[in-house]
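K.L.:
quick one: sequence and predicted model below, then my questions.
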Amino acid sequence: MLSVSDQKKQTPVPSSARVAAEVVPKPKLAISSSSSQPQPSSKASSFTPFGYADSAAGYAVSGEGIREAIKAGDTRGVEKLLAQGVLAGYVDAQGMSLLHVAALFNAGDIALALLAAGADARLKNAQGESPLDVAPVALAHRMRAILASMEAAKTT
């Protein structure tokens, strides 16, 4: 009579599992002769971290292009598109202004650039909310301060 451990040793491995184990190649790391550390791949990565996209690369010169730049956190891209004549007061098909989008994405520098370019902070979206209503508290505070200083500059 076979013990449990003997039965495990004699359990046949299905041929398909044996073949799969033999066919699958194992990953290999490139090892430098001067170091035992793995070397990074020479292939360039296409990943761009939030806020570090190549400014205005591939953005349409339109309100929709600025929306994409805002969503990417690309302040320089937004500024470049504004300089190319895109209106800061653009409103998309859902009734969201660029300032609403910047506020929703908590893109403070972009929101301030849009305000400086003439975006209207009182404009309401389809839900009846202003950009100040949808902005996080800290950003709304910064935006109110900028608006107050802009109003003070107009009166003097």
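P.N.:
Alright, I've got the coordinates.

K.L.:
just name the shakiest helix or strand of this structure by mean pLDDT.
P.N.:
For the chain, the helix or strand with the lowest mean confidence is helix 15-23, at a mean of 50 (criterion: mean pLDDT, DSSP states H and E).

K.L.:
so what's A121 up against?
P.N.:
A121 is in contact with L99, L115, S130, P131, L132, M143, L147, counting by CB atoms under 8 Å, 6 or more residues apart in numbering. To be clear about C-beta, it is placed using only N, CA and C from the backbone, and glycine gets the same treatment.

K.L.:
among these, name the ones in helices.
P.N.:
The helices, defined by DSSP state H, take in L99, L115, P131, L132, M143, L147 from the contacts of A121.

K.L.:
I'd like the next helix or strand past the least confident helix or strand of the chain.
P.N.:
Using DSSP states H and E, the helix or strand that follows helix 15-23 in sequence is helix 63-72.

K.L.:
show me which residues of the following helix or strand past that following helix are buried.
P.N.:
The helix or strand immediately downstream of helix 63-72 is helix 75-83, counting by DSSP H and E. For helix 75-83, burial by neighbour count (16 or more other CB atoms under 10 Å) applies to T75, R76, G77, V78, E79, K80, L81, L82.

K.L.:
can you check stretch 139-155 too?
P.N.:
Going by neighbour count (16+ other CB under 10 Å), the buried part of stretch 139-155 is L139, A140, R142, M143.

K.L.:
tell me the mean pLDDT over the host helix or strand of A102?
P.N.:
Assigned by DSSP H and E, A102 belongs to helix 98-104. The average pLDDT for helix 98-104 rounds to 97.

K.L.:
contacting residues around it?
P.N.:
Helix 98-104 is contacted from outside by 63, 66-67, 70-71, 88-90, 92, 96, 110-111, 114-115, 119-121, 123, 125, 129, 131-132, 134-136, 139-140, 143, using CB under 8 Å, 6+ apart.

K.L.:
which of these are buried, as a ChimeraX select command?
P.N.:
For the buried members of the contacts of helix 98-104, the matching ChimeraX selection, counting by 16+ other CB under 10 Å, is:
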select :63,66,67,70,88,90,96,110,111,114,115,119,121,123,125,129,131,132,134,135,139,140,143
